[in-house]
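# Next one to model:
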Amino acid sequence: MTDEDHKGTDDRMPQLSMHSPIGDLTLTEEDGAIVALDWGWGRDQDETPLLRQACDRLDAYFDGAPDDFADLPLAPHGTPYRQAVWQALRAIPLGETRTYRDLARQVGGSPRSIGQANGANPIPILIPCHRVVSTQGLGGYSGDGGLSDKIYLLDLERAPIPARTSQDA
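From the prediction side, this is the model:
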């Protein structure tokens, strides 16, 4: 197809950005489900009912209203293994944590492969990868603020925050 063939079509997925205590966040929707939550302000702003609902619920969450976001339609793109890890993350109750080792026992693989799947999570917060910690401390976090974002989210949910080790630094 040439550029001429694309005139008049819009292949962009709707996005809506919001301010949060851990920085600007942008949600992306595709086919009626959220497919991404990225740090930063999106170039395009296309409010849909789902994106508005998700932003409103995130605002309330950051204001201290507990929400596990379980009923939001999410459709992260990833391998079957990553999909299984992300489903296991969604099952971690609000205010609780699991170790990479716990999830490896549950889903299969190794603590390292769980960490890699966490790092590839395209919808952080809504798929709560921040609730996964190392057996020796916090582990890592892929948000813009790194471990300070993870600590903020765990504290917001009143989850136990493991002591930091030299590995976490």
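# domain assignment for the protein?
The chain breaks down into these domains under automatic domain parsing: 3-62, 80-156.
# would CSV of these with distance to residue 163 and mean neighbour count be doable?
Backbone N, C-alpha and C define where each C-beta goes, glycine included. Putting these into CSV (distance: least, C-beta to C-beta, whole Å; neighbours: other C-beta atoms under 10 Å) gives the following:
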stretch, distance to residue 163, mean neighbour count
domain 3-62, 22, 15
domain 80-156, 6, 19
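# any chance of these in TSV, plus distance to residue 73 and mean pLDDT?
As requested, those are exported to TSV (distance: least, C-beta to C-beta, whole Å; pLDDT from 0 to 100):
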stretch	distance to residue 73	mean pLDDT
domain 3-62	4	89
domain 80-156	10	95
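# Tabulate those domains (a markdown table), appending distance to residue 71.
As requested, those are exported to a markdown table (distance: least, C-beta to C-beta, whole Å):
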| stretch | distance to residue 71 |
| --- | --- |
| domain 3-62 | 10 |
| domain 80-156 | 11 |
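# Minimum distance to residue 70: which of those domains has it?
domain 80-156 (6.8 Å; C-beta to C-beta).
# List phi and psi for the residue nearest to the spatial centre of the chain.
With distances taken as C-alpha atoms, centre = their mean, residue 124 lies nearest the centre of the chain, 0.8 Å away. Main-chain torsions, residue 124, degrees, to the nearest 10: phi -60, psi 160.
# my read: it touches residue 144, true?
No. Under the criterion of C-beta atoms under 8 Å, residue 124 makes no contact with residue 144, lying 10.3 Å away.
# tell me which element residue 47 falls in.
Residue 47 is part of no helix or strand, with elements assigned from DSSP states H and E.
# Excluding chain neighbours, what is closest to it?
Using C-beta to C-beta, 6 or more residues apart in numbering and skipping the chain neighbours, the partner closest in space to residue 47 is residue 16 (5.3 Å).
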